[in-house]
Structure formats: C-alpha cells, structure tokens
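Peer 1: test case, fold it:
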Amino acid sequence: TPLRNSRRETRRWTNSEKTHVRRKQTSRLRSLRHTMATLTALTPLQVHRVDGNRMSAAQSTSHRVGNSSREESSNATVQYGEYTLIKELGKGSFGVVHKCIRQDTKEVVAVKIIQKEYAWMGKREVKILNSLKKCCHGTKNMVKLNRHRMHNGEVLLEFEMLDLTISQFMTRYYRSLHLSEIQSIAQQMLEALDTLKSISVAHSDLKPDNIMFIDHKLQPMKVKLIDFGLATHVSGLPHGNKIQAHNYRAPEVTLGLHLNEAVDMWSLGCILAFIYLRSHLFSRGACDHQITQEIIQMLGPLENQMLENGICTANVFYKDGNCWKLSDPCTCKERKHHTRKRFSSLDDITLTRPNTAECEDTQAFVSLLKEMLILDPDKRVTPSQALKHPFLTTKHFPKKNYIQRAEYLLVTAAPYTFSVSGKCLSFCFFE
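Peer 2: Model prediction:
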C-alpha cells in the first residue's frame, strides 16, 4: 500500500508537470503570436487566409498591413484603399499587380500598385495612357486605364481585367498556334505599335508576358498590349542604357545607338517567332555577347557604321584594324544553361512544318519576320508598312479553309477592318 501510494503520488506529480509544461508552451505560443501580429503591423509580410492558402500582400511595395487603410476582414481578404485585394497577378521591379474588387461598383479589376520611390514612373505611365486615349488611331488593342489614384504615397492604376498572357496561354495549351491565329495577333499588335508611333512613343518592354488575351474562349485570339511602365517618348529613350528583355532586345540597344520606335518592331518579330516555334528565337537569359553571336549567326553581320556609332560596341566587339570583330566567347553562367542548336537562317523556320497546308502562308510569315528583324533600325519595316504585308492581307492566297479561318479571326479581332468573302466558318478552339 505505501508503494502504491508512492506511485500514485509520483504519477500525480508527473501529470502536474506535464500540465505545467503545456501551459508554459501555450503561453509562449500566444506570446509569439502577439509578437508576430505586432511585426505584421510594421513590416510588409504575407497575409494568410484562414483556410491556409497564402495570399501575397504586395511584398515589393511599401504597404503597411496593420494600418487603418488596409485591414483583414472576416474572410481574410485584404482591404487597401478603395479595393479588396483578391490575388496577386504579377510583380515587377517597381510594383505589383493585384486582381481586385472595386468596393463602390463591385467590379473585378486589375490594380497596379507602384512603390512610393517610383511614383514618378506611375505618373509618366498615366500621362502616356491618357495621350493614347486622345489619339485618333484609337486604343482598342491596348489595355484600358479606368482611373488612377494616390494612396499612402503610392500610385494606384486601375485597369480592365484581362485573361491570360501569351506566355500563360502557351503553357496551358501545349501546342503551336496556327498561322491564321498568329495573323490575328500580329494584326492587332501592329495596329497598337502604329498608334504608339503616331505619338512618337516606344513601349520598350514588348514580350509575351505583356500581351494578354481578353477572353481566350469567348473572344479567341483577341489580344491587348499591356504594361506601359517603361513606355517613353522617343526623345527620352535612354541612350546606352539597357531596355527590353535580353532575348527580345534589339541590336541597337546592345550597341548603344540612338533609339526610336523600331525597337518594338524587333521585339514583336521575336514574339511572333516564339508563338510559331514554341521556343525563343534567341536564348532566354543569355548575356549580350551570346545574344549578339546568335543574331549574327542567323541574320548576318552588323553593319560597320552601326558598330562605329555605338557607345557600347566595345562591350561585345573589339577592333582589329579597320574591322570590328566579336569578342571571345563569354564564360557567363547563363551560357551553359541555354546553349542549344539554333537556326542558321530564318528560312529554316519553313522546315519546321513541311507537310502542312499552310506552306505558302509560312513563306509569307517568314518574309514578314525578315523585315521585322532587319538589323539596321532605319531599314526595319514600320507598323504601317507591315500591316500591308501579304502575310496579313492574304489577298494572293486561294480561298482555302485556313485562309477563311484567318479572315474570320481577323474580323473577330477588328470588326471594321476586314470583310469576309465567302462563307464564314465557325470554330471552337479551346475547351
């Protein structure tokens, strides 16, 4: 009996100690939660929903989650000014884009929040977009800016909500687009560039991520140009500074020549090739040296006059007597990750789909690419000239089904630009 009593006493103390430890741990956990709540009010952390799904709260901007203008509601959504943030759509060096609900109208919109230190860029973007609204050419192929606001020193740009980017579309639907579909996209983007050129503005950041479908199911192949954050009047284009993504960068940018709207035409040519091939024409993430080497291998040597006038030519070339020669191969880390077999010329693109009914159209497509990717920007095709190219007019082709399909898509994207002759076919592209 004394032994049993001793065991019972020991067990009682053990349970008591366990309870004490649990209480201590619970107290520490509460303290930790309180500390985290305090830190959340002071730093831009991520907000978590109650169901465990993480929702970004604009990490790259100087938001204050705990202040009076942004509060977490009962369903764990985040309020910021006049908007309820639903989902982060994209993030850049200067801000973040959120899918939002506008509180007064309950409309779903895309809101671009630009950091305080880059507020001047947001104001410049607003100025350019407002200038485009007044343009006689129209802006049907460019994202619509609904309004803009200032909030806590940050610039909020409210845009219409669009669907998928070209990159997202290509990833989701693992197939190459038909030339009839590429014709439609090319038509709309050239019209957008023509509008920009009419007010002497260069987009400066044309890439697949900055072209979006309005609704890829209900309005197939109808797209809009987005993100005018780097758009600049040609007189203010940075001379010698690097603009554009590496594998969409025009050679005059790499060399440090005086720039104009032709930089966008180069980028668009690379984008159309990417859509057709499902792979980048020039290595993604490569350095200037490797990209330049690939350009020369595919399109031929750069003119000596361009090399002489470039303030950055010596970064990629060296002078041997009166001739400029490409420097020794680079040893950058990107090179070994992106080296693969490349086309020796743009004509090789026609060999990628040799047994299709679109053979004649492919040749016309390559012909347009050649004009868009002329090395000398002064000789490169302009948007208005490109819009008259046979690849887009399709007048010299017989009225085969795929030509009727191309005209149908062009009419869908630009109802007052084209008229369809013959029977208009109906297509269901994506389920």
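Peer 1: who are the packing partners of the host helix or strand of Ala192?
Peer 2: If you go by DSSP states H and E, Ala192 is part of helix 179-198. Using 3 or more Cβ pairs under 8 Å, 6 or more residues apart in numbering; DSSP states H and E, the elements in contact with helix 179-198 are strand 219-225, helix 262-277, helix 359-372, helix 383-386, helix 390-393, helix 401-413. (C-beta placed from N, C-alpha, C; glycine too.)
Peer 1: of the ones you listed, which is nearest Gly240?
Peer 2: Nearest of the helices and strands packed on helix 179-198 to Gly240, taken as Cβ to Cβ: helix 262-277 at 13.6 Å.
Peer 1: what's the following helix or strand after that closest one?
Peer 2: Remark: after helix 262-277, the chain's next helix or strand is helix 288-299, criterion DSSP H and E.
Peer 1: after that next one, heading C-terminal, what element do we hit next?
Peer 2: Downstream of helix 288-299, the first helix or strand assigned by DSSP H and E is helix 304-309.
Peer 1: any idea how far the closest residue to Phe274 other than its chain neighbours is from Glu294?
Peer 2: Spatial nearest neighbour of Phe274, chain neighbours left out: His280 (5.5 Å); criterion: Cβ to Cβ, 6 or more residues apart in numbering. Distance of His280 to Glu294, given as Cβ to Cβ, to the nearest Å: 10 Å.
Peer 1: pull out the buried positions in stretch 236-244.
Peer 2: Buried residues in stretch 236-244, counting neighbours by 16 or more other Cβ atoms under 10 Å, are found at 237, 243-244.
Peer 1: how about that stretch as PDB, C-alpha atoms only?
Peer 2: The C-alpha coordinates for stretch 236-244 follow below in PDB (Å, rounded to 0.1, in the frame of the first residue of the first chain):
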ATOM      1  CA  GLY A 236      13.700  60.400 -73.900                       C
ATOM      2  CA  LEU A 237      14.800  56.800 -74.700                       C
ATOM      3  CA  PRO A 238      17.900  56.000 -72.700                       C
ATOM      4  CA  HIS A 239      21.000  56.300 -74.900                       C
ATOM      5  CA  GLY A 240      23.300  53.500 -73.800                       C
ATOM      6  CA  ASN A 241      21.100  52.000 -71.100                       C
ATOM      7  CA  LYS A 242      19.700  48.600 -71.400                       C
ATOM      8  CA  ILE A 243      15.900  48.300 -72.100                       C
ATOM      9  CA  GLN A 244      13.900  45.300 -73.100                       C
END
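Peer 1: burial of Arg353, as a residue count?
Peer 2: Neighbourhood size, Arg353 [other Cβ atoms under 10 Å]: 16.
Peer 1: how close does Thr171 sit to Pro220?
Peer 2: Taking Cβ to Cβ as the measure, Thr171 falls 17 Å from Pro220.
Peer 1: where does this protein dip in pLDDT?
Peer 2: For the chain, the stretches with pLDDT under 70 are 1-76, 136-138, 331-342, 355-357, 395-431.
Peer 1: please parse it into its domains.
Peer 2: 79-160, 166-413 (automatic domain parsing).
Peer 1: how about the secondary structure of the residue lying closest to Thr77 once chain neighbours are set aside?
Peer 2: The spatial neighbour of Thr77 that comes closest, neighbours along the chain excluded (Cβ to Cβ, 6+ apart), is Thr84 at 5.2 Å. Here Thr84 is recorded as strand under DSSP: H, G, I helix; E, B strand; the rest coil.
Peer 1: relative to Ile271, how far out is the closest residue to Pro390 other than its chain neighbours?
Peer 2: Nearest residue to Pro390, sequence neighbours excluded (Cβ to Cβ, 6+ apart): Ala364, at 5.1 Å. Distance check for Ala364 against Ile271: by Cβ to Cβ, it reads 18 Å.
Peer 1: picking that back up, higher neighbour count, Thr171 and Pro220?
Peer 2: Using other Cβ under 10 Å, the more surrounded residue of Thr171 and Pro220 is Pro220, with 19 against 10.
Peer 1: for this structure, just list every one of the strands.
Peer 2: Assigned by DSSP state E, the chain shows strands spanning 47-48, 54-55, 78-80, 83-91, 95-102, 108-114, 145-151, 154-160, 201-202, 211-215, 219-225, 232-233, 317-320, 323-326.
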